[in-house]
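> need a 3D model of the sequence below.
(4 chains, ligands or ions: 2)
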Amino acid sequence: MRYMPQTEADIAAMLAVTGKHHLDDLIAHVPANLRKTAAINLDPGRTEEALTVEISSLAACNAGASSYTSFLGAGYYRHFIPAAVRAVTARAEFATSYTPYQAEASQGTTQAIFEFQTLIAQLTGLEVANAGMYDGASAAAEAVLMARRLLPKRSVVALSRAVWPDYRATIRTYLSALDGIEIVEVPFDDKTGATDIGALSKIAGDRLLCTVAGYPNAFGVIEPLGTISDITRRAGAITISVTAEGLALGLLRAPGELGVDIAVGEGQSFGLPLQFGGPGLGFMAGRMAHIRQMPGRLIGQTRDRDGRRAFTLTLATREQHIRRERATSNICTNHSLCALAATVYLSLMGRHGLRELAERNVELAHQAAATLESAGIHRRFSGPFFNEFVVNVQNGTAAIDAAERRQILAGVALNHDYPELKDAIAVAVTEMNHPEEFPRLAAALAEAAR
Amino acid sequence: MRYMPQTEADIAAMLAVTGKHHLDDLIAHVPANLRKTAAINLDPGRTEEALTVEISSLAACNAGASSYTSFLGAGYYRHFIPAAVRAVTARAEFATSYTPYQAEASQGTTQAIFEFQTLIAQLTGLEVANAGMYDGASAAAEAVLMARRLLPKRSVVALSRAVWPDYRATIRTYLSALDGIEIVEVPFDDKTGATDIGALSKIAGDRLLCTVAGYPNAFGVIEPLGTISDITRRAGAITISVTAEGLALGLLRAPGELGVDIAVGEGQSFGLPLQFGGPGLGFMAGRMAHIRQMPGRLIGQTRDRDGRRAFTLTLATREQHIRRERATSNICTNHSLCALAATVYLSLMGRHGLRELAERNVELAHQAAATLESAGIHRRFSGPFFNEFVVNVQNGTAAIDAAERRQILAGVALNHDYPELKDAIAVAVTEMNHPEEFPRLAAALAEAAR
Amino acid sequence: MTAASKSPIIEIKQAPAESSRQSAQSVPLIFEHSSTGRHGVDIAVHTGSGARGADILGAELCRADLPEFPELSEPDVLRHFLRLSQLNFGQALQFYPLGSCTMKYNPVVNDEMAALPGFARLHPATPAHLAQGALELIARMEAALAEITGMDSVSLHPAAGAQGELTGLLMIRAYHRKAGAARHKVIIPDTAHGTNPASCTHAGFEVVVAKSNRRGFLDANEIRHLVDEDVAAMMVTNPNTMGVFEPEIQEIAAILHERGALLYIDGANMNALLGVAKPGHMGADIVQLNLHKTFSTPHGGGGPGAGPVAVKKPLEPFLPMPRLMRTEAGYAFDEDRPDSIGRLRSFHGNFGMVVRGYAYILALGGDGLAMASRLAILGANYIRKRLEGHFPSATSEPSMHECVLSHDLEKLAHISTLEIAKRLLDFGIHPPTIYFPLVVPGALMIEPTETESRETLDRFIETMDRIYSEALSDPERIRNAPQSTPVSRVDEVEAARRPILRWTRSKI
Amino acid sequence: MTAASKSPIIEIKQAPAESSRQSAQSVPLIFEHSSTGRHGVDIAVHTGSGARGADILGAELCRADLPEFPELSEPDVLRHFLRLSQLNFGQALQFYPLGSCTMKYNPVVNDEMAALPGFARLHPATPAHLAQGALELIARMEAALAEITGMDSVSLHPAAGAQGELTGLLMIRAYHRKAGAARHKVIIPDTAHGTNPASCTHAGFEVVVAKSNRRGFLDANEIRHLVDEDVAAMMVTNPNTMGVFEPEIQEIAAILHERGALLYIDGANMNALLGVAKPGHMGADIVQLNLHKTFSTPHGGGGPGAGPVAVKKPLEPFLPMPRLMRTEAGYAFDEDRPDSIGRLRSFHGNFGMVVRGYAYILALGGDGLAMASRLAILGANYIRKRLEGHFPSATSEPSMHECVLSHDLEKLAHISTLEIAKRLLDFGIHPPTIYFPLVVPGALMIEPTETESRETLDRFIETMDRIYSEALSDPERIRNAPQSTPVSRVDEVEAARRPILRWTRSKI
Ligand SMILES: Cc1ncc(COP(=O)(O)O)c(C=O)c1O
Ligand SMILES: Cc1ncc(COP(=O)(O)O)c(C=O)c1O
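Ligands and ions are numbered 1, 2, ... in the order given. Have a look, this model is predicted:
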């Protein structure tokens, strides 16, 4: 088989060294009953050509990937990825290396991740970021666990209902095993679509552990993060901001500036393909004072024996391989190559490009909203939004089907996760959408609404 | 612009050093009338996204690339290319380096090309091969020029009519400027499709410079190369074999074994995409005794100052940059990255894989021929063939159109280049064709023939 | 032996530290060669539809700037990261026998398959009927992994092995809850990987450590004493981190089941078991797999990977959301699963890794997978045998796909395992996993994998022997290693003492 | 200046030759780590349709074997070539100011465009109506290059610059023949690139050398004396290989035309002329362009490139076959062109390179191209000025996109230009073109291109100055350079004396 070099002769020679005659002699000590039933009943191996044909035919059965005009978002966003990002992540030196345990043979990975940590810290306006997590949802859950370690006596998690359903579900799962934690869902303001500040204030007592709010939130609405963190801070609790559309941080005020203690989010918008939802990239930033409670890998700057600057994994005493059952997290393999992609992407976009792109997204999204408005399709919420907004359409799901018949994926229906928003559709607009698409969308939805 | 780093500040600072104020001061010495009319009237630059969209839409307008079952060959062959070939040629160290003038900074390229030269020598059964030429046709022309340098007194080039039309045309163009050369076209045997030995014998006199024959030839027929070279050698002339389907050399007797002096051909089958016909890869192998008349680059093995094995461009005294008007060829930039691709491809296929693939091509092609035969579509020639053969179909071009309506590209009509073969179609069959396609092809052609 | 293996061991040697240390290999930080006004992309100009984004949102919502963010041209950004790549070792370039990590060849065609537009551009919220190809691939992969492990159902949801562990443990918890029992202990062997105990804590369990015996495996009797009705499950890595197949695993399973506890098998070492023994047949109730180990997806410098969980029928209702189901209309996700533990992440798992793993399984087929494990085991035993003189095995038991070796150089020459590891770098070989498992002082945990040639193993063996002699003849040389890498020995203590975790202008 | 440019010049230094020379970087030949029975591909098994290929053809047609052909697994083949790649410099990784070669950034997106299945899988014999996208791209590229050069028609047929020259010269020949004249001389300046005279000979012309004056350009009067009715044409590279714009080019064109001769402009240096001056306006009748220089297609270690020819109306009938034409049915190839010189290769040119070049033109647009030339010129003049102290310009004329420098180190320290070049390698910089043009003893021909940052140019300048001082203070160091490359100075004389042009078993 092409991936395995051993020839008959190699095998014979190696067996001889081990004093065995047949390959199976090497596993003779494995209980016979197990070996007898171990055969794997799958097709014989395929040539590279055959497997390429077979998998390509599966890829071809995903019409949604190509032949539709798309306004899908809801936590994953369609953005253009410069070819240079792929040119870097394809480098075998990056792609086929392990977690950089041997610093001297890993300065490429360690320096790139150190740059990633810096970029995330700069974007979030916080002091320090880790090397990345699996995705935005698990990063959000880990942030709550981190808050808990920082304030072990507190028990109430104020979780905005306007945080993405996937994220809220993940937080619930991660917390499900912890005793004495109470998750209180903070309603959203039915008009603005932002977290209900009044409701939050009521919850913000001395049992409050942390507040979790989207930025922007699941409705694309830009939360009044400053107010939320003021209220939370006054209660002596921790503010966690959750961002699924990382691009927004290129234009919106930085969470750190607004009093957030832990900023987490999804980095998919930073050069990662949609890939049907994974792998994505979780990011987490916080305060230096909290560093020992931060989960995940950290790369630090140090020196080599000759005084040259070097980078290495550090503060590992927080981690599972040292701390075992007392580790801050069980994370080991994270999403390093995705963090590298984000580092290349953000370096290419740079100081001005990222902001310009964010502005362009805002502009296009508002243009789309206006086009829909003039077709009688109104926004459900009045709060300011970034590149995604919610519209109300008579029998929303039917409207989505109608649009689909016109080769348009109009957006994501919210009724499943928000029964109270029966006819609401979340529409995402990025630089991949062209203004000519807006009237087509409006027409399709308006017709269905009639 | 993203490819150019200079900022306003850089430009100002650099201009200051050069004592200029404006960029255009640097070209003030260029005649004003030229500068005035020099503006380039083309669209403004495009973002990477925009150019990707625009070029992708052109790529999408080539239905022939994807949605048809294809039997096209006639000098370029459809073969599977392992992903590992692309993984190597994509390496920036290979792709963005120049011709290896500085050996110490080019051992990657020089060693790979040394390996290429060896592989081609092994395939052709000759002593030495060069670093590659543009393509098979120009390599064939250069081979005739080389023969001429070896036998300056001789004038007659016996060019088999069964050599590909493109190749013959190229040879004529390259020779057009040389005085005293006479190209005599050797007819092919109307039955076998091989070069007419009788006719060749008549031409093989003391004015014969060289004989040029395909192996296999334009009809896919495997020429009696041994006989051809015997006749040629007896006349004291040089035998040149021309191979467009390089894969054939993995199974057929090596030209060198059969008395060929110079073996040239096209290496596209060795891991190069069809790419609408270029870039391809010319290869040339010959005898060590003739090396000083060989055109093109040569990599040689030598040592560095510390005695370590090293590789370098050598025998450059044959070349234009040293020899100028007396150079063996004017070639400078060749197709080095294509030669690298071929080196990787041949290394992957290896000693057995290449032969197995060649055998599989023979098997499938003969299976296809048999299927057509039983549908009443007969081979035009009786000579042994590799993976391409010629069939006769009533009003051939009409038949091709009929097949096309059934999403089949049945082959290449020969009537344009060979008026005497009015209804002949060259059908190529490779490992990319699946046996189920053969009855469909037979049905389509048979119907049209009726 | 071929020329390659006959050729003398080659060592990268360099000059006295001083000179070799100002290597042009060192690359400034991206922020340090940034220059105001440069950009690596061009953004389509404002359509003129109306106000600019910042004006639309208003100043109080927008940040002033992204100060200190990089400003470079595309060529300079690319050059920066290409040059960084040259500072790394990688499996594709070097032998990388990192124990417990299965650094096997990552087929390049798999990356191309994942990048097919039909997969790469598929949005996770695409209506199921427009994503049937992706869903079918998921279904096929679930079925293949079930067959390979001998389990009943598979979920591709978890992002990595550790998340697979957490998933499994939360399922165990839910299972007992459902049965009305709140068992709160999980037994873990002392040889377990760190993620095992960490996952237990995160799943709300208390860890009970089981000692493996001096032969390096678990004693059923020992386990019997530990299991009470407060024990929810036992987590066993098989083969364990000593590279030893747990011979009494079936008895252990029986003991656990008899007391109503479950057996979780950590399948990170599945590369030893393909077609050799199925966890399902050992009595496992839950197994997690690491696609980035056994199934060849690239490690990427620390992920992304994927950690599917496979379970037996009784646990199926507890699998995380969403579950793929077959309807007459085709494949769809089932969101209505009352007993499910819920989600541990967004969407449908690391699909890009699933495509790669599936391509790998197609390439090898059932028999190829079985051969892979046998050759991996052969390689480990070959190395173990040939090195036994200087680096004896930490166990008398047969090794599976990896071997754990020890040495006496600490005693003889005050040369530590770490120093041996660093010295290996000078020969262009990535070191094995070291100081793990914890039960073996100074352990060298070597996993060659089935994709490395005998010549490569021989070169490693000869290098290890050479280092052994060198330790006795010239220990300084080893203490000064590595000499050939872009940086010399990195000061990790300093890094932890004064953490510098980001660049700031002042730091230049 | 930014931190990067302020940072001290970094040099790759290594140990005394002896030690640094047994670098693990040296890679055995692919044949040397081949082992009987290994294979890097699996071939689909024989369908059982009938006999095997070898039996079908019979023994006398088939070779026995491919003895000595490589036998390796896929991982080992990949590792071999990846490791070889690490022994190369490349523009993407190092500054590569090779004069006359225009080593500018090669945008990676261009490679992706060429690899689109619609182009990569398009067979050259595809019926035109099924390849309209490709044909339209060709048409657009022809039009763009005509606009850029100020010429009337373009053919993308030639595979490289030299083949473009041959094409042009054969057209010139055909043109005169058609006019009933058999002119057999072509005038070429002494500064011409070697391909120019070589192409002339291959086109059946006799070369007449024109001296450029001591200021480094051509004298119209001088030319006037050389032109008689036997002169078919003059080939001029503009800017010439001194990097100087030929100020009298228009007079020269007039002189030639007046005597019925044609002007061929070698456009290899077009990177200096974009939006600056169009060859067509200078009086050129034929121009060839090198897409792999001006238009950013990768050099690939020596190709593939593409060498389109652009001509004025009167020469259009002689362009090579096939010609693209627009019919009401769309684009098609015109095979019926009686005056055409015919073909110089198969099919329709190096289409893959045409796609890349077109993508580049789209990316820059008209203004971007004009800016590219201006910045390329700025860089060359900046380097020339800053180096003039130690490395004076070989001409007093203003430089265009490249500068040709000389030095007195041969005299002062017996340090040759070659040694300076080798020493540059130790600083991670690829040397300029050396000893060319031939008219300048020990020439250093430096072409920085517009895609290199000022910091990169500064580092080069500082390094050159450092080498100059070193030549005086420590010449041995320079004579022993390079020290940091995988091999030390390579013995090219030995290579030519006893040519070893292939591996053979015995050679091991
Ligand atoms: C035995 C074992 N279990 C679990 C894990 C954790 O897997 P991951 O790194 O994918 O989270 C590892 C990885 O090193 C391992 O070796
Ligand atoms: C001035 C000049 N003319 C012609 C050529 C030949 O071009 P090519 O190498 O593409 O054949 C070159 C290439 O070096 C050149 O510099």
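> excluding its backbone neighbours, what's nearest residue 412?
Unless you meant another one, I'm taking chain A. Among residues not flanking A:Val412 along the chain, A:Ala74 sits closest, at 4.1 Å (C-beta to C-beta, 6 or more residues apart in numbering or on different chains). All C-beta spots, glycine's among them, are computed from the backbone N, C-alpha and C.
> correction: the question concerned chain C.
Nearest residue to C:Leu412 in three dimensions, chain neighbours excluded: C:Leu472, at 6.5 Å (C-beta to C-beta, 6+ apart).
> what's the first helix or strand after the helix or strand encompassing the one you found?
For C:Leu472, the enclosing helix or strand under DSSP states H and E is helix C:454-473. Stepping forward along the backbone from helix C:454-473, the first helix or strand reached (DSSP H and E) is helix C:475-479.
> ok, back up a step: and the gap between the residue nearest to A:Val412 and C:Ala125?
Distance from A:Ala74 to C:Ala125, counting by C-beta to C-beta, to the nearest Å: 5 Å.
> ok, now which ones touch C:Met445?
When contacts are counted by C-beta atoms under 8 Å, 6 or more residues apart in numbering or on different chains, C:Met445 touches C:99-100, C:241, C:243, C:402-405, C:432-434, C:436-437.
> scratch that, C:Ala363 is what I was asking about
By C-beta under 8 Å, 6+ apart, the contact list for C:Ala363 reads A:Met1, A:Arg2, A:Tyr3, A:Gly45, A:Arg46, A:Glu48, A:Leu51, C:Pro107, C:Val109.
> re earlier: count of neighbours near the residue nearest to C:Leu412?
Counted with other C-beta atoms under 10 Å in any protein chain shown, the burial measure for C:Leu472 works out to 11 neighbours.
> tell me the pLDDT of whichever residue of the stretch 201-350 of chain C sits closest to chain D.
Using C-beta to the nearest C-beta, the single residue of the stretch 201-350 of chain C nearest to chain D is C:Ser296, 10.5 Å away. C:Ser296 carries a pLDDT score of 98 in this model.
> for it, what is the enclosing helix or strand?
Using DSSP H and E, C:Ser296 is not contained in any helix or strand.
> hang on, the earlier thing: mind listing the shared neighbours of A:Ala74 and C:Ala125?
Contacts common to A:Ala74 and C:Ala125, judged by C-beta under 8 Å, 6+ apart, are A:Val412.
> compare these two (neighbour count), which wins?
Set side by side, A:Ala74 and C:Ala125 give different neighbour counts by other C-beta under 10 Å, the larger being at A:Ala74 (26 against 23).
> sec struct for the more buried one, please.
When states are read from DSSP: H, G, I helix; E, B strand; the rest coil, the local structure at A:Ala74 comes out as coil.
> residues in contact with it?
Taking C-beta under 8 Å, 6+ apart, we find A:Ala74 in contact with A:Trp164, A:Ala218, A:Glu388, A:Gly411, A:Val412, A:Ala426, A:Ala428, C:Ala125.
> try it again at 6 Å.
For A:Ala74, the set of contacting residues under the criterion of C-beta atoms under 6 Å, 6 or more residues apart in numbering or on different chains consists of A:Val412, A:Ala426, C:Ala125.
> do A:Ile262 as well
When contacts are taken as C-beta under 6 Å, 6+ apart, A:Ile262 is in contact with A:Ala143, A:Ile240, A:Gly286.
> in a markdown table: the residues you listed, plus distance to ligand 2.
Converted to a markdown table, the contacts of A:Ile262 look like this (distance: C-beta to the nearest ligand atom, whole Å):
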| residue | distance to ligand 2 |
| --- | --- |
| A:Ala143 | 58 |
| A:Ile240 | 60 |
| A:Gly286 | 56 |
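> where does chain C dip in pLDDT?
Confidence mapping of chain C against pLDDT under 70 gives the ranges C:1-25, C:46-50, C:507-508.
> mark out where each domain of chain C begins and ends.
C:108-363, C:366-495 (automatic domain parsing).
> what's near enough to touch C:Val302?
Let me fix one detail, which is that residue C:302 is Gly and not Val. Taking C-beta under 6 Å, 6+ apart as the test, what C:Gly302 contacts is A:Thr99, A:Asn334, A:Ser336.
> residues near A:Met288, how many?
Applying the criterion other C-beta under 10 Å, we find 14 residues in the vicinity of A:Met288.
> tell me the pLDDT at the closest residue to it other than its chain neighbours?
Counting by C-beta to C-beta, 6+ apart, the nearest residue to A:Met288 once its immediate chain neighbours are dropped is A:Glu127, at 4.5 Å. For A:Glu127, the pLDDT comes out at 98.
> what segments of the stretch 51-200 of chain A are helices?
In order along the chain, the stretch 51-200 of chain A carries the following helices (DSSP state H, counting those that start in this stretch): A:83-89, A:92-95, A:107-124, A:136-150, A:165-175, A:197-203.
> so of those, which one's packed in deepest?
Each of these was given a mean neighbour count from mean count of other C-beta atoms under 10 Å in any protein chain shown, and the largest, a mean of 28, is that of helix A:107-124.
> so which elements touch that one?
Contact partners of helix A:107-124 among helices and strands, from 3 or more C-beta pairs under 6 Å, 6 or more residues apart in numbering or on different chains; DSSP states H and E: strand A:128-129, strand A:282-286, strand A:299-303, strand A:309-313, helix A:336-374, helix C:74-85.
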